[in-house]
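J.: need the 3D shape of this:
(one chain, ligands or ions: 2)
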Amino acid sequence: QMDEGSSTVSSNSYSNGASEKMETDDKDKVFALDQIHDGCRIMARMTTTRQWHDAEVISVRVNPEGTYAFYVHYLECNRRLDEWVTTDDVNVETLRMPVKGQKGAVVPARIPQKCEDAISTREESPASTTGSPDRELSKKMGAVQRKRKATIDPMENLKADESMPPTAETSAPRTSGSMCKVGHSEDALTRIRNIELIELGRHRIQPWYFSPYPQQLTKLPVIYICEFCLKYLKSPTCLKRHMTKCHLKHPPGNEIYRNDNISFFEIDGRKNKSYAQNLCLLAKLFLDHKTLYYDTDPFLFYVMTERDDRGFHIVGFFSKEKESAEEYNVACILVLPSYQKRGYGRLLIEFSYELSKCEGKSGSPEKPLSDLGLLSYRSFWAATIIEQLMHHKESFPSGEENALSVSQLSQLTSIRKEDVISTLQQLNLYKYYKGQYVMVISDDMREMYEKSCKKMRVRIDPSMLKWTPKDWSRRKI
Ligand code: ACO
Ligand code: ZN
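T.: Ligands and ions are numbered 1, 2, ... in the order given. As a prediction, the model looks like this:
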């Protein structure tokens with residue numbers, strides 16, 4: 001709706017003569033703004049910090065009132081900070097144009113002193129040389145609108161409907177053992193956050209990234225998600241109606257762990273397909289670098305919940321391939337933003353390694369890791385390795401027996417050898433000494449150990465895990 005509205009209103013506002021009263025300066029500004037398109041660079045002001053940053057323009061929108069909005073990506077910043085900014089929050093004097101054929105290259109924009117001069121230098125087709133600046137502007141806005149319309153339609157193909165037939169991508173044999181495809185889409189559409197807000201149980205959460213929810217939902221100010229089955233609905237009324245029919249009070253699947261109010265449920269992506277697909281859609285809102293596969297069959301999902309008298313509320317989850325050629329023990333991992341930075345991510349990671357211990361294997365998370373994923377894994381690996389070294393030091397205060405190898409550390413923790421080594425290096429405990437690598441246990445390690453113990457308030461208690469690994473190679477996935 002907004003599209004139709006904006007194109008008519010904006011052309012009216014520039015063709016009804018009102019703009020003739022515009023000061024030349026304003027016209028220049030409007031003209032400069034009109035030059036901004038996707039691929040340009042410009043200084044933009046971040047809404048949260050009010051700081052100016054260099055940014056790339058991803059998309060331009062003309063609002064119903066005829067004003068512009070720009071979807072910008074702040075360079076060197078994570079894409080969850082990408083946002084729509086207004087004309088007040090861009091500095092047109094810093095506008096730089098992309099260079100055709102040279103990815104990432106830009107040249108300063110020529111911002112004209114006089115609007116008329118600029119128009120005449122920019123005219124390419126003889127038909128438009130007679131066009132007034134106003135008509136020119138309205139025409140350009142029309143072009144922006146047409147462009148938007150054309151790019152919006154492909155989203156129809158991305159919609160995640162339970163009845164949706166598999167896309168070519170999902171029906172083709174998987175080439176990697178991953179639920180997720182690596183690499184950024186160049187498509188501007190999937191680079192723009194499309195859901196304004198979600199309501200999930202007691203929480204209202206602002207999404208970080210694009211997720212292929214049905215297009216009609218992307219126009220709503222809020223989408224409502226059943227916190228137990230994760231079905232998405234378009235209004236509170238629909239949700240209410242759904243809640244009278246949905247009798248789930250916990251995720252589907254088996255509760256394989258319970259300690260105090262924390263539980264883990266194991267969900268088979270083949271047996272609970274619609275739950276698994278809804279979970280992936282929800283997760284995509286907070287995961288970049290990942291493209292959704294609709295084929296959830298090859299995955300297990302481990303959902304962590306917090307229990308109260310109303311039920312088991314989802315806090316986060318990780319997915320895991322039933323069989324991984326690369327020995328990944330986690331495909332995607334997420335803690336919902338309302339629960340982040342409270343140690344739950346660590347708990348999920350610890351749980352994933354407990355499963356690997358039960359399997360008698362070492363494992364590693366699927367690459368690439370996100371910025372927050374890397375921070376969380378590094379912190380977990382460091383704490384776990386320090387803990388092992390401290391236990392070892394206490395058991396063998398001195399002497400020959402004191403030797404502990406990288407392989408042993410890996411066996412004890414199920415952390416893959418490469419990750420053990422990179423962690424030791426990071427901690428500066430891995431040194432080349434007399435022709436070989438040795439672990440040097442320093443004096444400040446106790447301090448590091450105590451610090452990390454303090455942070456780990458909640459731990460996974462392996463005795464509470466009721467789970468035996470299945471041999472998926474002998475089953476139908
Ligand atoms: N800024 C700085 N440090 C952070 C932040 C942050 N925003 N978030 C977590 N950390 C650090 C913590 O300081 C902590 O380290 P410390 O104990 O040494 O201080 C460590 O990371 C873990 O903290 P938790 O509170 O346990 O982590 P959280 O519950 O926030 O979950 C997670 C971490 C799962 C990565 C979460 O941020 C998330 O879901 N992010 C969005 C999705 C994502 O990026 N997932 C990982 C993708 S990679 C993959 O899927 C394999
Ligand atoms: Zn439900």
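
J.: what's around the residue in the stretch 101-250 of the chain that ligand 1 sits nearest to, how many residues?
T.: For the stretch 101-250 of the chain and ligand 1, the shortest gap (C-beta to the nearest ligand atom) falls at Trp208, measuring 7.3 Å. The C-beta positions use only the backbone N, C-alpha and C, and glycine is treated the same way. Applying other C-beta atoms under 10 Å, we find 19 other residues in the vicinity of Trp208.

J.: from Ile205, how far off is the residue nearest to it when sequence neighbours are not counted?
T.: The shortest distance from Trp208 to any non-neighbouring residue, by C-beta to C-beta, 6 or more residues apart in numbering, is to Arg80 (3.7 Å). Taking C-beta to C-beta, to the nearest Å as the measure, Arg80 falls 12 Å from Ile205.

J.: isn't Phe351 up against Asn259?
T.: No - with contact defined as C-beta atoms under 8 Å, Phe351 does not reach Asn259; the gap is 10.5 Å.

J.: who touches both of those two?
T.: Counting by C-beta atoms under 8 Å, 6 or more residues apart in numbering, the residues touching both Phe351 and Asn259 are Ile460.

J.: who has more neighbours out of these two?
T.: Higher neighbour count among Phe351 and Asn259: Phe351, with 21 against 14, using other C-beta under 10 Å.

J.: before we move on, what SS does the more buried one have?
T.: Reduced to three states with DSSP: H, G, I helix; E, B strand; the rest coil, the structure at Phe351 is helix.

J.: now do the contacts for it.
T.: With contact taken as C-beta under 8 Å, 6+ apart, Phe351 is in contact with 257, 264, 302, 304, 318, 460.

J.: and it, how far from ligand 2?
T.: Computed with C-beta to the ion, to the nearest Å, the distance linking Phe351 and ligand 2 is 25 Å.

J.: same question for Gly316.
T.: As defined by C-beta to the ion, Gly316 lies at a distance of 19 Å from ligand 2.

J.: just give the number of residues close to that residue.
T.: When neighbours are counted by other C-beta under 10 Å, Gly316 comes out with 22.

J.: and the helix or strand in which it is found, C-alpha only, in CSV?
T.: Secondary-structure element containing Gly316, defined by DSSP states H and E: strand 311-321. Included here for strand 311-321 are C-alpha records, laid out as CSV according to Å, rounded to 0.1, in the frame of the first residue of the first chain:
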residue,chain,number,x,y,z
GLY,A,311,4.9,-23.5,30.9
PHE,A,312,8.4,-24.0,29.3
HIS,A,313,9.5,-20.8,27.7
ILE,A,314,12.0,-20.9,24.8
VAL,A,315,15.2,-19.1,25.7
GLY,A,316,17.4,-20.3,22.8
PHE,A,317,18.4,-23.4,20.8
PHE,A,318,21.1,-24.9,18.7
SER,A,319,20.7,-27.1,15.6
LYS,A,320,22.9,-30.1,14.9
GLU,A,321,23.2,-32.3,11.8
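
J.: just checking: what are the partner strands of that strand?
T.: If you go by DSSP bridges, strand 311-321 pairs up with strand 299-308 (antiparallel), strand 333-335 (antiparallel).

J.: list the helices and strands the helix or strand following it packs on?
T.: Of the helices and strands lying after strand 311-321 in sequence (DSSP H and E), the nearest is strand 328-330. Counting contacts by 3 or more C-beta pairs under 8 Å, 6 or more residues apart in numbering; DSSP states H and E, the secondary-structure elements packed against strand 328-330 are strand 311-321, helix 344-359, strand 364-365.

J.: is any part of strand 328-330 close to ligand 1?
T.: Yes - in this structure, strand 328-330 sits against ligand 1 according to C-beta under 6 Å from any ligand atom; the contacting residues are Val330.

J.: got the contact list for that strand?
T.: Where contact means C-beta under 8 Å, 6+ apart, the residues beyond strand 328-330 that reach it are 177-178, 318-321, 349, 352-353, 355-356, 361, 363-366, 414.

J.: hmm, 6 Å instead?
T.: Outside strand 328-330, the residues that touch it by C-beta atoms under 6 Å, 6 or more residues apart in numbering are 318, 320, 352, 356, 363, 365-366.

J.: same list, the residues you listed, but only the ones touching ligand 1.
T.: Those of the contacts of strand 328-330 which are also neighbours of ligand 1 are 365-366, as judged by C-beta under 6 Å from any ligand atom.

J.: for the residue nearest to Trp208, grab the count of nearby residues.
T.: 17.

J.: before we move on, the earlier item: now the strand holding Gly316 against helix 344-359, angle please.
T.: What separates the directions of strand 311-321 and helix 344-359 is an angle of 60 degrees, with axes from the mean of the first three to the mean of the last three C-alpha atoms, to 10 degrees.
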